[in-house]
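Novice: heads up, no residue letters with this:
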């Protein structure tokens, strides 16, 4: 049923739990594939670079996804890691709607608490605008 799954993640605790659910969904079908999407927000990217001076930004982002990547490998799930650039909500929606996914899995809260309170959560935006089923994991 869910052969092509998009997991939207930012390395937060909620997105790690979402990763576990995405892996469980993918495990239900032999030929499932999971795309792990991390959106680099320009506003957040600048802060990341300043806080982690001297470290490669892509290495830092890749570290945030390491736990999910290990679990996917352990469970024999085919996956790709995709870095996108833009505002997380609209970027995830656009990518999901143009790549024919069977489901999007996303954590209920991410790393940016302030933006969530002021503008509404990324997961809410994705759930409203994605053309496929969206699983929001608490």
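Specialist: Done, it's in. Owing to the predicted nature of the structure, the values given are computational and were not obtained by experimental measurement.
Novice: Does residue 86 touch residue 37 like I think?
Specialist: No - taking contacts as C-beta atoms under 8 Å, residue 86 lies outside contact range of residue 37: 11.3 Å. The way it works is simple: take the backbone N, C-alpha and C, and place the C-beta from them, glycine included.
Novice: Which one of those two is surrounded by more residues?
Specialist: Per other C-beta atoms under 10 Å, whichever of residue 86 and residue 37 has more neighbours is residue 37, with 24 against 14.
Novice: And that one, which helix or strand is it part of?
Specialist: Take DSSP states H and E as the rule and residue 37 turns out to sit in strand 33-40.
Novice: And for residue 18?
Specialist: Using DSSP H and E, residue 18 falls in helix 13-27.
Novice: Can you point out the buried residues in that helix?
Specialist: 14-16, 18-23, 25-26 (16 or more other C-beta atoms under 10 Å).
Novice: for stretch 95-104, same thing?
Specialist: Neighbour counts over stretch 95-104 (16+ other C-beta under 10 Å) mark 95-96, 101-104 as buried.
Novice: For the chain, give me the ranges with low pLDDT.
Specialist: In the predicted model, the chain carries pLDDT under 70 at residues 43-58, 110-120.
Novice: go again using 80 as the cut-off
Specialist: 1, 42-61, 109-120 (pLDDT under 80).
Novice: Just the buried residues of stretch 95-104: which are in strands?
Specialist: Of the buried residues of stretch 95-104, the ones assigned to strands by DSSP state E are 103-104.
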